[in-house]
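Asks: With the input below, show me the fold.
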Amino acid sequence: MKKFHVVLTTIYDPVCLEGYFDNILKFGWLDSVKVWVVADKKTPLSCNQRCVELNKRGLDITFVDLELQENWLKPFPEFAASLPFNNDTRRNIGYLMAYQDGCEVLISIDDDNFPTENDFIGGHSIVGSSVSEVISDPSGYYNICEHIEFDPPRDIYPRGFPFELRDKKNHAEVLKPECATIGVNAGLWLQSPDIDATTWLNGSVSGVRYKGPDSFVLDNSTWSPVNTQNTAITRELIPYYFCVPMGHSVPGGIIHRYGDIWGGYFCLAVMQYTQLNVSFGLPIADHNRNPHNYLTDLRQEFWGMLITDLLLENIKNMASSSRNLDERAQILVETLKGAFLNQLPTWCAGEVADFVTKSADAYQLYTAVARKLVR
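Replies: Reported below is the predicted structural model:
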């Protein structure tokens, strides 16, 4: 039984695993870590071969090929049908397999993120620990990119940050809560920051230095985007940390690149009013970004950009102060299919409304499968 489970999906040969293996070995975590590599239809044979070689060197690693996925999903046909192929949301299968296997801390990574000299597992091991101070911002949001030095110097906001707040600086104050626990830890990134296509199209930028504290914790009424590329989740939150399926057809193409962002915000909505909080900081990763066409990214991000601010208005103000995670997850689904759906502007295409409904249904299926796994 391993405490830390690392999950990624890839359509490449994940050379990043060599760096994670070296880092885990260097800092003495090898006996505490299990890795799940979730394949897709485009995943090359070399990926499995790399996993086999790392297993021989002592890393507990499972290559979840398509046959294994199909067999594991047989008891959950509706959930299986909600997960498209050739889509990074296949990682959800790995999350649930790790959960079933007794994972205490789930760590989600992307295949283009590489560990630095930081202790990767050690940085994420703060998940589950109590804290005496949290940060609150009157805007309700906190720009984590203010803790990164960029070249050239620019005001940068993370992908998924509300557009209406992108001309404002942080004005945070420190609060001392009676009880606060780190439920999510999002490690930050250097080199290519996690920003949207509109920012990239305004000029290339590189993160050259992290200048923040080892960890800073947000009050759970202060939000910032949480992605899947270097993020740890405590066990009790795994059923609510879902990467929303992308690829839904809309005018102009498909919706993409918001699956992790919406999923992260869903998790924050479930955490609100509980004692669980999100922290940011270490471990720092080098984001050696896979090739991107920023105009294509812009086209695929378009509808997500247009409706995410409205999404946040609704799920941040859900009509409940319940502290029960299951209850909050159900209220989230009702909010998505009720108030949020009803408030979509009239200029929104019908396909966008269909995407919202399918996202809510997929989230509900995911949480239902998770509950069945621990009966």
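
Asks: Can you name the residues that contact Asn170?
Replies: Residues counted as contacts of Asn170 (CB atoms under 8 Å, 6 or more residues apart in numbering) are Asp137, Tyr142, Asn143, Glu146. For glycine as for every other residue, the C-beta is placed from the backbone atoms N, C-alpha and C.

Asks: Is it correct that it falls within a helix?
Replies: No - counting by DSSP: H, G, I helix; E, B strand; the rest coil, Asn170 falls outside a helix, being coil.

Asks: Just flag the most distant two among the contacts of Asn170.
Replies: Pairwise distances across the contacts of Asn170 (CB to CB) peak at 10.9 Å, for the pair Asp137 and Glu146.

Asks: Quick check: Ser108 vs Asn92, distance?
Replies: Distance, Ser108 to Asn92, using CB to CB, to the nearest Å: 10 Å.

Asks: do Asp196 as well
Replies: As judged by CB to CB, Asp196 and Asn92 stand 23 Å apart.

Asks: With neighbour numbers in mind, choose between these two.
Replies: Ranked by neighbour count (other CB atoms under 10 Å), Asp196 and Asn92 place Asn92 first, with 29 against 23.

Asks: Pull the contacting residues for the more buried one.
Replies: Residues in contact with Asn92 (CB under 8 Å, 6+ apart) are Leu83, Phe242, Cys243, Tyr366.

Asks: What's the mean pLDDT across the helix or strand where it lies?
Replies: Secondary-structure element containing Asn92, defined by DSSP states H and E: helix 91-100. Average pLDDT, helix 91-100: 98.

Asks: what does the very next helix or strand once past that helix contact?
Replies: Next helix or strand after helix 91-100 toward the C-terminus (DSSP H and E): strand 105-109. Strand 105-109 has contacts (CB under 8 Å, 6+ apart) with 3-8, 16, 20, 91, 95, 98-99, 121, 124-125, 127-128, 228-235, 238, 241, 285.

Asks: And the helices in the stretch 151-300 of the chain?
Replies: Taking DSSP state H, counting those that start in this stretch as the test, the helices found in the stretch 151-300 of the chain are 197-200, 259-271, 294-315.

Asks: Identify whichever of these lies nearest to Leu332.
Replies: Nearest to Leu332, of all the helices of the stretch 151-300 of the chain, is helix 259-271, at 5.3 Å by CB to CB.

Asks: okay, that closest one in CSV with CA atoms only?
Replies: Taking C-alpha atoms only, helix 259-271 is exported to CSV below (Å, rounded to 0.1, in the frame of the first residue of the first chain):
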residue,chain,number,x,y,z
GLY,A,259,-11.2,20.5,-18.7
ASP,A,260,-8.7,20.8,-15.9
ILE,A,261,-9.6,24.4,-15.2
TRP,A,262,-13.4,23.7,-14.8
GLY,A,263,-12.6,20.5,-12.8
GLY,A,264,-10.3,22.5,-10.5
TYR,A,265,-13.0,25.1,-9.9
PHE,A,266,-15.6,22.3,-9.3
CYS,A,267,-13.3,21.0,-6.6
LEU,A,268,-12.9,24.4,-5.0
ALA,A,269,-16.7,24.8,-5.0
VAL,A,270,-17.1,21.5,-3.2
MET,A,271,-14.4,22.6,-0.7
